[in-house]
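# return a 3D structure for these sequence lines:
(one chain, ligands or ions: 2)
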Amino acid sequence: MMAEEKGTFRSGYVSIIGAPNVGKSTLLNCIIGEKVSIISPKPQTTRNRITGIYNGESCQIIFIDTPGIHEARDMFNSALVSTAISAIEDVDVICFMVEPNEKPGKLDMFILEEVLSKVSTPSILVINKIDTLKNKALLLPIIDIYKDKHPFEAIIPISALLGDGVRELVDSIARLLSEGPKYFPEDYVTDLPERFLVAELIREQVFNLTHEEVPYSVFVIVDSFQKNSEKNLVSIDATINVEKESQKGIIIGKNGRMIKEIGKNARKDIERLLGVPVYLNLYVRVKEKWRRNISVLNELGFKVPRPKK
Ligand code: GDP
Ligand code: MG
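Ligands and ions are numbered 1, 2, ... in the order given. Below is the predicted model of the structure:
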């Protein structure tokens, strides 16, 4: 089990970074065992910092799942980069996740050069999706390449999907943490407000059910969240914001079929999350060019750098 000395309680903050789709949310969910982050086969569904908490025998690890890091090609992407950098500056351990490709991708290089080299935080290289490798010997040259590029404290091959290597990863993280208190009570699953998780579950359904640019043009705001303890249910009003009229049409669908489907699926997930019956009212609104609208980005929790003159 844990490689810890008796009597020492270790705790700390850990950030999982890596290109979109490498499996960060899958790993978090595998470790925490609860649906705290959004999984989607399409990239970039985790736009905000989400923490999950692992409670071991004598350690507590608080995970921060950062947004996908992108080259700062436009304001939206540079917002993601600065959010990610600021998220990892203060953590105790960084897990940098990559796929077992022959060469690091453009984004992997970007993270090594523009992000990891800018912080002194101890880092672990996590090579995920090793279940896709027919021959495990193929890992060795990959490990060598990364070893040369950054002084990693450890290099751990895993399959977040199957859980292989995840135990070892948790152990190496725990080893890098200092003695510390239990920051959160054990029944904490996440420190995010329920409203945010609800918005994410609705957005996840938009991702599952729509295509092309539509899912990327959507953000969801929970307008009201009311607990009725007498009737033991929760009433939620939420708005799906899109960028264009045409997208609004797609979200609503023929005879309102799409919005009904989104609502039906999201309601099931929200009921599972909250553990009570839910009334969910969904609205759709066009909010033009929200990606470039700083106040909206701030509302979503991004730190947006001032545009350069
Ligand atoms: P994120 O964008 O980094 O958070 O990536 P996700 O956790 O959303 O995963 C992206 C996709 O990769 C999903 O389809 C996952 O099922 C898949 N995936 C994640 N981990 C593994 C793994 O260990 N093996 C395989 N084969 N697929 C994985
Ligand atoms: Mg994710």
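# can you get me a residue count around the residue of the stretch 151-300 of the chain found nearest ligand 1?
Going by Cβ to the nearest ligand atom, ligand 1 is nearest to Leu161 of the stretch 151-300 of the chain, at 3.4 Å. In this view, the C-beta of every residue, glycine as well, is placed from N, C-alpha and C. Here the count is done by other Cβ atoms under 10 Å, and Leu161 has 15 residues near it.
# can you confirm it is in a helix?
No: according to DSSP: H, G, I helix; E, B strand; the rest coil, Leu161 belongs to no helix; its state is coil.
# start at 723, not 1
Understood, numbering begins at 723; the last thing we discussed is Leu883.
# contacting residues for it?
For Leu883, the contacting residues are Gly745, Thr748, Cys752, Lys851, Asp853, by Cβ atoms under 8 Å, 6 or more residues apart in numbering.
# buried subset of those residues?
Neighbour counting over these (16 or more other Cβ atoms under 10 Å) leaves Gly745, Thr748, Cys752, Lys851 as the buried ones.
# quick one: which of the residues you listed is nearest Val841?
Gly745 (22.0 Å; Cβ to Cβ).
# any idea how far that closest one is from ligand 2?
8 Å (Cβ to the ion, to the nearest Å).
# tell me the mean pLDDT for stretch 852-863?
In this model, stretch 852-863 has a mean pLDDT of 94.
# just the residues contacting it, thanks.
Residues contacting stretch 852-863 (Cβ under 8 Å, 6+ apart): Pro822, Glu824, Ile849, Pro879, Ile880, Ser881, Leu883, Leu884, Asp886, Gly887.
# what residues sit buried inside that stretch?
Ile852, Leu855.
# endpoints of it, how far apart?
14 Å (Cα to Cα, to the nearest Å).
# next one: it to chain centre, how far?
Centroid displacement of stretch 852-863 relative to its chain, using Cα atoms, centre = their mean, to the nearest Å, is 26 Å.
# number of residues surrounding Asp870?
Neighbour tally, Asp870, other Cβ under 10 Å: 8.
# count of residues packed around the residue lying closest to Ala960 once chain neighbours are set aside?
Here the nearest residue to Ala960 in space, its sequence neighbours aside, is Val944; by Cβ to Cβ, 6 or more residues apart in numbering that works out to 4.8 Å. By other Cβ under 10 Å, the residues close to Val944 number 19.
# tell me who's in contact with Val944.
Val944 neighbours (Cβ under 8 Å, 6+ apart): Arg917, Phe918, Val920, Ala921, Ile958, Asp959, Ala960.
# make a ChimeraX selection of whichever of those residues turn out to be buried.
Applying 16+ other Cβ under 10 Å to these, the buried members can be selected in ChimeraX as follows:
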select :918,920,921,958,960
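# can you tell me which of the contacts of Val944 is nearest Leu838?
For the contacts of Val944, the nearest to Leu838 is Phe918 (27.8 Å; Cβ to Cβ).
# separation between that closest one and Phe947?
As judged by Cβ to Cβ, to the nearest Å, Phe918 and Phe947 stand 10 Å apart.
# one more: Phe731?
35 Å.
# for the helix ranked longest in the chain, buried residues please.
Counting by DSSP state H, the longest helix found in the chain is helix 979-996. Neighbour-count burial for helix 979-996, with 16+ other Cβ under 10 Å as criterion, is recorded at Met980, Ile981, Ile984, Gly985, Asn987, Ala988, Arg989, Asp991, Ile992, Leu995, Leu996.
# which is the next helix or strand following it?
Next along the chain after helix 979-996, taking DSSP states H and E as the criterion, comes strand 1000-1008.
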